[in-house]
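J.: Using only what follows, build the 3D model:
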Amino acid sequence: AIKENIRNLRIFGNSYLKYNILPDLSFKTYIGIDLDNYQQSYYKGVSLLYRGATRPDPFAKSSTSQGLNWIWENTLDYSKTFNEHTLTLLGGYTAQKQNNDLQFIQANSFPDDQVKTISGGIVTGGSAVKEQWTLVSALARANYSYKDKYLLSALIRSDKSSRFGTGNQTGIFPSVSAGWRIDQESFMANIESINELKLRASYGYTGNFQIPNYGAIGLLNNANYVFGNALVSGIGRSTLNNDQLSWESKKQLDIGLDFGLFNDRIYGGFDYYNSVTSDLLLNVNVPATTGFNSVVKNLGALENKGFEFVLNTQNTVGAFKWNTSFNVALNQGKVTDIQGQVIEGGVSSMNRVVEGYPIGVFFTPEFAGVDPTNGDALFFKNTKNADGSLDRTTTNNYNEAQRIVAGDPNPDVIFGLTNNFSFK
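T.: Numbering: from 1, shown residues only. Have a look, this model is predicted:
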C-alpha cells in the first residue's frame, strides 16, 4: 500500500499606516508578509509490487519547505489643485526579501510495514537548500492634469537586485505618458452619442530580474574523489560565475485610443505597441573545456510590435442582460541579435532561436513530398552549390538534407469572442 500525507499552511496579510503631515502632504508605510510552510511524507509498503516487479521495493521519503516573503513600502504623497491645474507628486522607498529553506530525505530497505517513517529503513539520500533574494527600490512619480482633459505623467525608479553581479545590481527605468480626453473638448459637447474618447501614448523602460538566485556567483557542490584507495568527499564548482550579469531591459512605445458610445452600451479600445528587449538573460553555451555546458549571461535582443483591438457591447439591459466581448491581436516578433548562439528545443530539437525570425521557428529539413515509386518521404537537400545557390534536388535520406527555417509556430492572429447572459 501507499501512504502519503501532505500538509500546507500558508499565512499572508498586510497592514498600513497613513499620516497626514499637511493638508496636501501625507506619509504612508505599508508592510506585507507571505509565509508558506509545506510538509510531505510518503511511504510505499513491502506488499506493493510496482509495474510487474517480482520483489517488493519499499521506499519512503520526507520533504519540508519553508518560504517567507516580506515587503515594506514607504511613500510620501503630495497632491495640490489650483485653479484648473492638478499636480500629484509621489516619492518612495521599498524593500522586499524572500527566504527559502528546503530539505529532503529518502530511505529504502524496510523489513516490514510496521514503521512507515524514514527511521524504519536505511537512509540512501537527501538534500538541503537554503537561498534568499532581495530587491530594494526607490521611485518618484509626477502626475499633472489641466481641466481634467490634458494628462501628463512621468515616473523614474531605481531597482537593486541581489541576483546580479557586484557593481551591476542597479537598474534605472524611466517612463512618460500623456493623455488627451477629447470628449471633454467644447467641439464634442453636441455629440451625445460619444460619452468617452481618449487618446493616450506612453514610452518607457522596464526591467527583468527573473533568473535563479545566485546566477552571478560560482556555486559549490559536493564532489567525491579517490584519494589513495578510498573514496573521499569533497567540494567542487557546480556553476560558472559571471560578475557582469545585470538587468534585462525592455523599452516600449504604446499608442492607444479608448472610446465609449451611447452611455457605454458600446465601448472598447485600440492599441499599437512596439517593444525592444535587450540584454536578454539567457543560458549561453560555453566551450566544453571550461567543464560546464552553459552560463547565465546578458546576450541578444528581440523585437515585438503589433495591434490590439477590444470591443465590448451591452446588447440588452434590464432583467435579461446579454453582453458581448470581442478581442483581436496581431503580433510580429523577431530575434534581432543572438550573437551566434545555438538555442534549440522541442521534439528532436526541431525549434530554434534564429536571428531575423520569431522565437521558436521550426528548424528542420524541408519536406518535398513522397516518392511515388516506393512511398519514401523526400526532402530538399538545400545545400550550397559552388556558385552559392541552393541545391533543390531531393533525397530520401533525412540526414543528407540541410536544416532550414521551415515554419513559424507563433500565430499571426489571436482573437476571441465571449457572450455572457444573465437573468434577474
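J.: Using CSV, write out the CA atom coordinates for stretch 156-166.
T.: Provided in CSV are the C-alpha atoms of stretch 156-166 (Å, rounded to 0.1, in the frame of the first residue of the first chain):
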residue,chain,number,x,y,z
ILE,A,156,11.5,57.0,-12.7
ARG,A,157,12.6,54.1,-10.5
SER,A,158,15.8,52.6,-9.4
ASP,A,159,15.8,48.9,-8.6
LYS,A,160,18.7,46.9,-7.0
SER,A,161,18.6,43.1,-7.1
SER,A,162,20.8,40.7,-5.2
ARG,A,163,20.7,38.3,-8.2
PHE,A,164,23.2,40.3,-10.3
GLY,A,165,26.9,40.8,-10.1
THR,A,166,28.6,43.3,-7.8
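J.: outside of it, which residues touch it?
T.: Stretch 156-166 has contacts (C-beta atoms under 8 Å, 6 or more residues apart in numbering) with 132-141, 169-175, 207, 209, 211-216, 242-247. (Glycine included, C-beta is placed from N, CA and C.)
J.: which of the residues you listed count as buried?
T.: Buried subset of those (neighbour count, 16 or more other C-beta atoms under 10 Å): 133, 135-137, 139, 141, 169-171, 173, 175, 207, 209, 211, 214-216, 242, 245-247.
J.: Retrieve the pLDDT associated with the residue nearest the centre of the chain.
T.: Note on the chain: the residue nearest the mean C-alpha position is Gln210, at 7.1 Å, using C-alpha atoms, centre = their mean. Turning to Gln210, the model gives it a pLDDT of 92.
J.: a helix runs through it, doesn't it?
T.: No. Gln210 is assigned coil when assessed by DSSP: H, G, I helix; E, B strand; the rest coil, not a helix.
J.: do you know how far it is from Ser137?
T.: According to C-beta to C-beta, to the nearest Å, Gln210 stands 16 Å off from Ser137.
J.: With Thr324 instead?
T.: Applying C-beta to C-beta to Thr324 and Ser137 gives a distance of 41 Å.
J.: do Gly171 as well
T.: 10 Å.
J.: ok so, going back, spell out which residues sit in contact with the nearest residue to the residue nearest to the centre of the chain once chain neighbours are set aside, please.
T.: Closest residue in space to Gln210, ignoring its immediate chain neighbours: Leu281 at 7.6 Å, by C-beta to C-beta, 6 or more residues apart in numbering. By C-beta under 8 Å, 6+ apart, the contact set of Leu281 is 208, 210-211, 215, 245, 248, 296-298.
J.: Now tabulate the residues you listed in CSV and tack on distance to Tyr150.
T.: CSV is the format used below for those (distance: C-beta to C-beta, whole Å):
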residue, distance to Tyr150
Asn208, 33
Gln210, 37
Ile211, 41
Gly215, 44
Leu245, 42
Glu248, 34
Val296, 45
Lys297, 44
Asn298, 39
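J.: just those now: which is nearest Asn8?
T.: Nearest to Asn8, judged by C-beta to C-beta, of the contacts of Leu281 is Gln210 at 24.0 Å.
J.: wait, doesn't Ser202 sit right on Ser175?
T.: Yes. Using C-beta atoms under 8 Å, Ser202 makes contact with Ser175 at a distance of 6.6 Å.
J.: SS state for Pro409?
T.: Classification of Pro409 by three-state DSSP places it in coil.
J.: where does the stretch 1-150 of the chain have low pLDDT?
T.: For the stretch 1-150 of the chain, the stretches with pLDDT under 70 are 50-53.
J.: one more time with 90, if that's ok
T.: Along the stretch 1-150 of the chain, the model assigns pLDDT under 90 to residues 1-3, 44-59, 109-114, 116.
J.: Nearest residue to Arg237 in space, please, no chain neighbours.
T.: Leaving out its chain neighbours, the residue that sits closest to Arg237 by C-beta to C-beta, 6+ apart is Gly218, at 5.5 Å.
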